[in-house]
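Peer 1: Pasted the sequence and its predicted model underneath.
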Amino acid sequence: MPDEHTMKVHLSYGDKTIELPVLNGTDGPSVLDIRSLYAQTGLLTFDPGFTSTASCESSITFIDGDEGRLLYRGYPIQELVQQSDFIEVAYLLLYGELPTLSERARFSEDVTYHTLVHEQISAFYNGFRRDAHPMAVMVGVVGALSAFYHDSLDIHDANLREIASFRLIAKMPTLAAMAYKYSIGQPFVYPKNELSYAANLLRMMFAVPSENYIVNPVLERAMDLILVLHADHEQNASTSTVRLAGSSAANPFACVASGIAALWGPAHGGANEAVLAMLSEIATKERIPEFIKRAKDKNDPFRLMGFGHRIYKNFDPRATIMRQTCHEVLNELGIKNDPLLDLAMELEKIALEDDYFIERKLYPNVDFYSGIILRAMQIPVSMFTVIFAVARTVGWVAQWREMITDPLQKIGRPRQLYCGKKERRFIPVEKRGR
Ligand code: SDX
């Protein structure tokens, strides 16, 4: 519970003056508690896009947009990337503390135990065209998981919530790899329980039954880092979607499917795919000024993909880490110079020297470099956002669990400013002269 700050805000409206409490968290902006505003004044607040609205209390992730800081349960993302790994970060996000060795081992077993999917799930893939976008497939098959787990649909039972959490986190890599295999007409590859989370995902994507497949440790490490960086990010659009769906007591598989749908948008998680398309369209450094110009033109819908952020008004720390990792992975893969990376770095340099971007504090975000690494790892562009969804499932599940157990939480039901017609009488069709 936030501590109620002694500060109050006094609001005068007509002949009334009311006071509203200010609530303090442990870091970041305090909040004005407006829950009694409508009852006291008949006024609603108006905040399209919720740019100034805290939708909940949360203890999971904290972003300081001005300083470019990102904490998972208080730990800076830089320290987690350097000293931890995805399965440990998943534990941290779910339970709030770093695991002991035995806790880690048990959690890893619990997740690994659920990596297989029901054989009938495979049939769902056959309903899709081979060239269906993998995110469309993921929305479908993850939503379909709810049809297979009646026994874990009682969201008010903590044990069943735990099993549903393991199932979602464990099965996402399997379903993601199946979406990829289906798109290229190769047989599905079963998970191997002795592999790490990241290695299993890579092997299920790239192994074929007819050959032995050894996961490249460089790629395993890079994938693990990408998963850690994308695991959670406060109340972003897809997480807010999961919370809103969950607030109606919908089952967690359907909630995560709604999160996948929201993440797909190019303004959100779909940006990593859009960055690659943009860089390919720009193609040469000589064409960068033309695209910078377009990005600044209000009459042109073109946006610089991978740039800007609702919260970060400084470098997205994940982008900084990702840029560093780009060089490491490309070097370790023996890719001497990647024209797309060179182009991206030149684009970043030019944009960050341009007043339009400086004034609006538009910096590269997590999606600006991630695609370059994924591409170097032979991940097809259409799978970029699927990889993002695999990672973010941990965050969605952690936030869903926090929402379900939050005593303050109610069904999400925003209001509106109605600007439609006042009440009027029905007109029979014969009298409807236009
Ligand atoms: C993710 O919320 C999260 O945490 C998301 C995420 C996560 O981990 O969950 O971090 C993942 O979604 C990262 C963002 C990926 N999306 C993109 O890279 C798409 C390109 N970015 C933009 O669409 C935009 O920056 C957003 C959507 C990310 C943020 O939009 P905002 O906060 O609503 O910004 P805005 O539209 O209010 O922009 C403010 C100004 C506007 O200009 P003015 O009206 O003030 O003149 O900046 C301009 C915008 O036109 N602007 C851009 C721009 N982003 C904002 N202009 C050109 N190119 C851009 N990329």
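Peer 2: Looks like it arrived, so ask away.
Peer 1: number of nearby residues for the residue in the stretch 1-150 of the chain that the ligand sits nearest to?
Peer 2: Residue of the stretch 1-150 of the chain nearest the ligand, by CB to the nearest ligand atom: Gly49 (6.3 Å). Where C-beta positions appear, they are placed from N, C-alpha and C, glycine not excepted. Residues near Gly49, counting by other CB atoms under 10 Å, number 8.
Peer 1: Check the gap between it and Ser238 for me.
Peer 2: Plainly put, Gly49 is 14 Å away from Ser238 if you go by CB to CB, to the nearest Å.
Peer 1: on that earlier part again, what about the residue nearest to the residue of the stretch 1-150 of the chain closest to the ligand when sequence neighbours are not counted, how many neighbours?
Peer 2: Setting aside the residues directly before and after it, Gly49 is nearest to Arg310 in space (CB to CB, 6 or more residues apart in numbering), at 8.0 Å. Arg310 has 16 neighbours, counted by other CB under 10 Å.
Peer 1: need the contact list for Arg310.
Peer 2: Arg310 sits next to 49, 51, 236 when contact means CB atoms under 8 Å, 6 or more residues apart in numbering.
Peer 1: for these, which one is nearest Ile77?
Peer 2: The closest of the contacts of Arg310 to Ile77 turns out to be Asn236 (CB to CB; 14.8 Å).
Peer 1: if I look at the closest residue to that closest one other than its chain neighbours, how far off is the ligand?
Peer 2: Computed as CB to CB, 6+ apart, the closest residue to Asn236 that is not its neighbour in sequence is His268, at 7.0 Å. Taking CB to the nearest ligand atom, to the nearest Å as the measure, His268 falls 4 Å from the ligand.
Peer 1: Assumed His268 was part of a helix.
Peer 2: No. Assessed with DSSP: H, G, I helix; E, B strand; the rest coil, His268 is coil; it does not lie in a helix.
Peer 1: what about Phe50, distance to Ala389?
Peer 2: With distances taken as CB to CB, Phe50 is found 22 Å from Ala389.
Peer 1: re earlier: can you tell me the SS state at the residue of the stretch 1-150 of the chain closest to the ligand?
Peer 2: helix.
Peer 1: Would you mind listing what in the stretch 101-250 of the chain touches the ligand?
Peer 2: Neighbours of the ligand within the stretch 101-250 of the chain, by CB under 6 Å from any ligand atom: 233, 236.
Peer 1: Rebuild the contacts of Arg310 as CSV, extending it with pLDDT.
Peer 2: Formatted as CSV, the contacts of Arg310 follow (pLDDT from 0 to 100):
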residue, pLDDT
Gly49, 94
Thr51, 94
Asn236, 98
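Peer 1: Please render these as CSV that adds distance to Leu98 to the earlier fields.
Peer 2: Output for the contacts of Arg310, formatted as CSV (distance: CB to CB, whole Å):
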residue, distance to Leu98
Gly49, 35
Thr51, 33
Asn236, 24
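Peer 1: Quick check: buried residues in stretch 11-21?
Peer 2: 11, 18, 20-21 (16 or more other CB atoms under 10 Å).
Peer 1: and the nearest residue to Thr241 once chain neighbours are set aside, what is it in contact with?
Peer 2: Take Thr241 and drop its neighbours on the chain: the residue closest to it by CB to CB, 6+ apart is Ala262, 4.0 Å away. Residues in contact with Ala262 (CB under 8 Å, 6+ apart) are 237-238, 240-241, 268.
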